[in-house]
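Colleague: Model the structure of this input:
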Amino acid sequence: MADFDYDVLVIGAGPGGYVGAIRAAQLGLKTACAESRETLGGTCLNVGCIPSKALLHASELYEEAANGALAKLGVKIDKMSLDLDTMQGQRKDAVKGLTGGIEFLFKKNKVDWLKGQATFTGANTVEVAGKKVTAKNIVIATGSSVTPLPGVQVDNAGGRIVDSTGALELDKVPGHLVVVGGGVIGLELGSVWRRVGAKVTVVEFLDQILPGMDGEVRKEANKIFKKQGFEYKLGTKVTGAEVGKKGVTLTVEPAAGGAAEKIEADVVLVSIGRRPNTEGLGLDKIGLELNARGQIETDHDFATKVPGVWAIGDVIPGPMLAHKAEDEGIAVAENIAGLTGIVNHDVIPSVVYTKPEIAGVGLTEEAAKEKGAVKVGKFPMMANSRAKTNHEPDGFVKVIADAETDKVLGVWIIASVAGTMIAQAAQAMEFGASSEDIAYTCHAHPTHSEAIKEAAMAVTGKPIHM
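Modeller: This is a model prediction of the structure:
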């Protein structure tokens, strides 16, 4: 057998890649991870999930102080102002601490960080920064990047038409921010800048925000965000953008066709989705082609059709979520080590970190009904004692169960801490729980999570507090 430099080489150090590399090393495999970015952690840690949460948290506290919400609780602030530099500074500190943490974990677990972009020159060979590296197994974990919008040129440095990366870096609050795309990223970053004073308009091609989520959740979220000051142009497409000295003139028209109109904006955020990063990998050198959506196809074990080449995360089919990539990173490392690594793709939670948060796992009510008869239990957060005490009345919990077996098929939540609450639902579903199992599990009082118990009780028509 040929000698290799490594047992495992992972290309990309995002949530999937760095987790996969650490797990492979923990399992006794000689491991390296190639990363072209100056820091580890990928999009998620550097310009995605983590920095956006830092700004979401800070802007939420600012708004609570600014709009008098704290005064109602007896917390009076005589003078307050926005210090955007400090707000941005704590975002950078969070990123620096966490990316440094991964570097420490690489050293601790003896994972070699190869700095540079890896390009295949053969099935077991890549070139990184001009150097040839061989590995018995190569895992592609290169993630995704922003999908471009035809006719609208993103220029983050210019600060007028930006993508999610540029929207994190704005050095002043825009008077009018237009968000193109009513998905998770657009609504989260729109929330940040709305809270600190921007007027925000969301332009969405579809007739409702949050594509892919449960229909009832989408409608309720629309209503809540409208109440917060978001303006919408739904069923609308952007056909062009012109950058002037003071801002951007967007041209939009109805998605179904019709008269065009102009929207004046200080800043435009383009967030219409993400696409897999496969450019520059040299996949043609190993005979690995992409599917129609530009993704790499794998089998159940995350192996590609090329022996010794594996793929995980945003470059393969499935939701583009950091935690999905992490689970796949662990699974692929275990499969390479000869263990059994499995990811249950039917139970992957998704979260929108707005206020309130929105979370879901499993099937939407619409998708569940297509498969057969269901029973649905709902419970409003305004009837939950903790939410009421905290002045967080918005939202509900919805449990969807199979009408015959009572097996939980999906759970959808709008609540201030929905992202944390959804873990219970995911775990219950992983164990094949029935709504009765959740209903008869003792929940601590007073907690937001009691709303999950009540919604589960509502499946068979018997919530207590409603």
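
Colleague: Look up how far Gly313 lies from Ile336.
Modeller: Between Ile336 and Gly313 the computed distance is 15 Å (CB to CB, to the nearest Å). C-beta coordinates here come from the backbone N, C-alpha and C atoms, glycine included.

Colleague: now swap in Asp284 and tell me
Modeller: 21 Å.

Colleague: Contacts for stretch 58-66, please.
Modeller: With contact meaning CB atoms under 8 Å, 6 or more residues apart in numbering, stretch 58-66 is reached by 69-70, 77, 80, 82, 87, 90-91, 191-193, 195-196, 355.

Colleague: Give the buried residues for that stretch.
Modeller: If you call a residue buried by 16 or more other CB atoms under 10 Å, then stretch 58-66 has these buried ones: 58-60, 62-66.

Colleague: Let me have those in a markdown table, extended by secondary structure, pLDDT and distance to Thr147.
Modeller: Shown next, in a markdown table, are the buried residues of stretch 58-66 (DSSP: H, G, I helix; E, B strand; the rest coil; pLDDT from 0 to 100; distance: CB to CB, whole Å):
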| residue | secondary structure | pLDDT | distance to Thr147 |
| --- | --- | --- | --- |
| Ala58 | helix | 98 | 28 |
| Ser59 | helix | 98 | 25 |
| Glu60 | helix | 98 | 28 |
| Tyr62 | helix | 97 | 31 |
| Glu63 | helix | 97 | 30 |
| Glu64 | helix | 95 | 34 |
| Ala65 | helix | 95 | 36 |
| Ala66 | helix | 95 | 34 |
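
Colleague: circling back to that earlier point, show the buried residues in the contacts of stretch 58-66.
Modeller: By neighbour count, with 16+ other CB under 10 Å, those hold 70, 82, 87, 91, 191-193, 195-196, 355 as buried.

Colleague: what would these look like in TSV with distance to Gly294, pLDDT and secondary structure?
Modeller: Below are these laid out as TSV (distance: CB to CB, whole Å; pLDDT from 0 to 100; DSSP: H, G, I helix; E, B strand; the rest coil):
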residue	distance to Gly294	pLDDT	secondary structure
Leu70	47	95	coil
Leu82	41	98	coil
Met87	36	98	helix
Arg91	31	98	helix
Ser191	30	98	helix
Val192	30	98	helix
Trp193	31	98	helix
Arg195	35	98	helix
Val196	36	98	coil
Lys355	34	98	coil
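
Colleague: What mean pLDDT does the helix or strand that contains Ala32 get?
Modeller: Ala32 is part of strand 31-35, with elements assigned from DSSP states H and E. Average pLDDT, strand 31-35: 98.

Colleague: for stretch 200-213, same thing?
Modeller: Computed over stretch 200-213, the mean pLDDT rounds to 98.

Colleague: For stretch 431-438, buried residues please.
Modeller: In stretch 431-438, counting by 16+ other CB under 10 Å, buried: 433-435, 438.

Colleague: actually stretch 203-212, not the one I wrote
Modeller: Buried, per 16+ other CB under 10 Å, within stretch 203-212: 203-205, 208-210.

Colleague: any idea which of these is closest to Ser385?
Modeller: Checking the buried residues of stretch 203-212 against Ser385 with CB to CB, the nearest one is Leu210 at 28.1 Å.

Colleague: So the closest one, which state does it fall into?
Modeller: Here Leu210 is recorded as coil under DSSP: H, G, I helix; E, B strand; the rest coil.

Colleague: Isn't it up against Val351?
Modeller: No - here Leu210 lies out of contact with Val351, judged by CB atoms under 8 Å, at a distance of 11.6 Å.

Colleague: okay, among the buried residues of stretch 203-212, which ones form the most distant pair?
Modeller: Across the buried residues of stretch 203-212, the longest distance by CB to CB is 14.4 Å; it joins Val203 and Leu210.

Colleague: Asn216: neighbour count?
Modeller: For the record, residue 216 is Glu, not Asn. By other CB atoms under 10 Å, 17 other residues sit near Glu216.

Colleague: now do Phe396
Modeller: 20.

Colleague: And the strands in the stretch 1-150 of the chain?
Modeller: 6-11, 31-35, 112-115, 118-122, 125-128, 131-140, 144-146 (DSSP state E, counting those that start in this stretch).

Colleague: about what we covered before: among Ile336 and Gly313, which residue is more densely surrounded?
Modeller: Gly313 (35 against 25).

Colleague: Tell me the secondary structure at the closest residue to Ile422 other than its chain neighbours.
Modeller: Leaving aside its chain neighbours, Ile422 sits nearest to Ala359 (3.8 Å; criterion: CB to CB, 6 or more residues apart in numbering). What three-state DSSP gives for Ala359 is strand.

Colleague: swap in Ile272?
Modeller: Put simply, Ile272 is coil when judged by three-state DSSP.

Colleague: and the gap between the residue sitting nearest the centre point of the chain and Glu261?
Modeller: Nearest to the centroid of the C-alpha atoms of the chain, with distances taken as CA atoms, centre = their mean, sits Leu321, at 4.9 Å. Distance, Leu321 to Glu261, using CB to CB: 35 Å.

Colleague: repeat for His176
Modeller: For His176, the distance to Glu261 - CB to CB - is 15 Å.

Colleague: Settle it for me: which of those two has more neighbours?
Modeller: His176 (18 against 12).

Colleague: Just to check, the more buried one is in contact with Gly197?
Modeller: No - in this structure His176 lies outside contact range of Gly197 using CB under 8 Å: 10.9 Å.

Colleague: can you list residues touching both of those two?
Modeller: Common neighbours of His176 and Gly197, using CB under 8 Å, 6+ apart, do not exist here.

Colleague: And the helices in the stretch 251-400 of the chain?
Modeller: Along the stretch 251-400 of the chain, counting by DSSP state H, counting those that start in this stretch, helices occupy 322-336, 365-371, 385-389.

Colleague: Send me the last one as PDB with only the CA atoms.
Modeller: The C-alpha coordinates for helix 385-389 follow below in PDB (Å, rounded to 0.1, in the frame of the first residue of the first chain):
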ATOM      1  CA  SER A 385     -46.700  32.100  32.800                       C
ATOM      2  CA  ARG A 386     -43.000  32.700  32.200                       C
ATOM      3  CA  ALA A 387     -43.600  34.400  28.800                       C
ATOM      4  CA  LYS A 388     -46.300  36.500  30.400                       C
ATOM      5  CA  THR A 389     -44.100  37.500  33.300                       C
END
